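*Asks:* sequence plus the predicted model coming up.
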There are 2 protein chains.
Amino acid sequence: MTFANVGSLGTKPGQRDAVVSILLRPMEGLKEAGCLLYEVGVNDDAPDTVFVSELWESPEAHRASLQLDSVRAAIAEAMPLLSGEMGGSQFTVVGSPLR
Amino acid sequence: MTFANVGSLGTKPGQRDAVVSILLRPMEGLKEAGCLLYEVGVNDDAPDTVFVSELWESPEAHRASLQLDSVRAAIAEAMPLLSGEMGGSQFTVVGSPLR
């Protein structure tokens, strides 16, 4: 079952774009790990926040991806730039009105 | 710029699956209105909640879609089943590590 992870990452003041740059770098093995979609975005109404919307082949694929070297490196690099505020939801996709 | 709308809709107790059914019905004109992705989901940890993750060609396309007859009919049908609790985020997509 397709698994969705949508979330927001708070950053330290002024660090939003640095975090965006880290997340946009191609992460080796991400697609092969079962990542179907990984959109990164911003909203100027929330200037120190980075948003992500991800789709994965399964919750297990998402969990396993956190062990990829490329993902671990990105997390390690982004971590000092984050405020610790996080939000979001995870859910099982049941369908789409487009399909 | 691709626009993302991710959100949660609280439902009245026991009405989650009815709301899911309404949202999954093909909505005429949705794709033509600029809807790129519209995933509907659930999470049993939040039993009276429906989750959506949408991508649109622009914020204007999203706004205009709310005037489509098919979308207005779905909203009118779902409204009495909702609790009024809503959450979520809207953001401008700046890229993806998959592209």
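*Replies:* Yes, it's here.
*Asks:* can we go C-alpha only for contacts and neighbour counts from here?
*Replies:* Will do.
*Asks:* what mean pLDDT would you report for stretch A:3-16?
*Replies:* On average, the pLDDT along stretch A:3-16 is 98.
*Asks:* repeat that for stretch A:73-87.
*Replies:* The average pLDDT within stretch A:73-87 is 97.
*Asks:* is chain B within reach of that stretch?
*Replies:* No - Stretch A:73-87 is not in contact with chain B by Cα under 8 Å from any Cα of the partner chain; minimum separation 9.4 Å.
*Asks:* now do that stretch: distance to the chain's middle.
*Replies:* 11 Å (Cα atoms, centre = their mean, to the nearest Å).
*Asks:* where does residue A:24 fall, phi/psi-wise?
*Replies:* Here is the backbone geometry of residue A:24 (degrees, to the nearest 10): phi -80, psi -10.
*Asks:* quick one: contacts for the closest residue to it other than its chain neighbours?
*Replies:* Nearest-residue entry for residue A:24: residue B:97, 4.5 Å, with adjacent residues in sequence omitted and distances by Cα to Cα, 6 or more residues apart in numbering or on different chains. If a contact means Cα atoms under 8 Å, 6 or more residues apart in numbering or on different chains, then residue B:97 has A:23-27, A:38-39 as its contacts.
*Asks:* tell me the two of these that are most distant?
*Replies:* Within the contacts of residue B:97, A:27 and A:39 form the most distant pair, 13.1 Å apart (Cα to Cα).
*Asks:* comparing those two, which shows the higher neighbour count?
*Replies:* Each of residue A:27 and residue A:39 has its neighbours counted (other Cα atoms under 10 Å in any protein chain shown); residue A:39 has more, 23 against 19.
*Asks:* how close does the more buried one sit to residue A:77?
*Replies:* Noted for residue A:39: a distance of 19 Å to residue A:77, by Cα to Cα, to the nearest Å.
*Asks:* parallel or antiparallel, list what pairs with the longest strand along chain A.
*Replies:* When chain A is parsed with DSSP state E, its longest strand is strand A:82-95. Taking DSSP bridges as the criterion, strand A:82-95 sits next to strand A:3-11 (antiparallel), strand B:35-42 (antiparallel) in its sheet.
*Asks:* that's a helix at residue A:63, yeah?
*Replies:* Yes - membership of residue A:63 in a helix is supported by DSSP: H, G, I helix; E, B strand; the rest coil.
*Asks:* sorry, back to before: buried subset of the contacts of residue B:97?
*Replies:* The neighbour-count test (16 or more other Cα atoms under 10 Å in any protein chain shown) marks A:23-24, A:27, A:38-39 as buried among the contacts of residue B:97.
*Asks:* among those residues, which one lies nearest to residue A:52?
*Replies:* Top of the list for closeness to residue A:52, among the buried ones among the contacts of residue B:97 and by Cα to Cα, is residue A:39 at 5.5 Å.
*Asks:* quick one on the thing from earlier: pLDDT added to the contacts of residue B:97, as CSV?
*Replies:* Shown next, in CSV, are these (pLDDT from 0 to 100):
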residue, pLDDT
A:23, 97
A:24, 97
A:25, 96
A:26, 93
A:27, 91
A:38, 98
A:39, 98
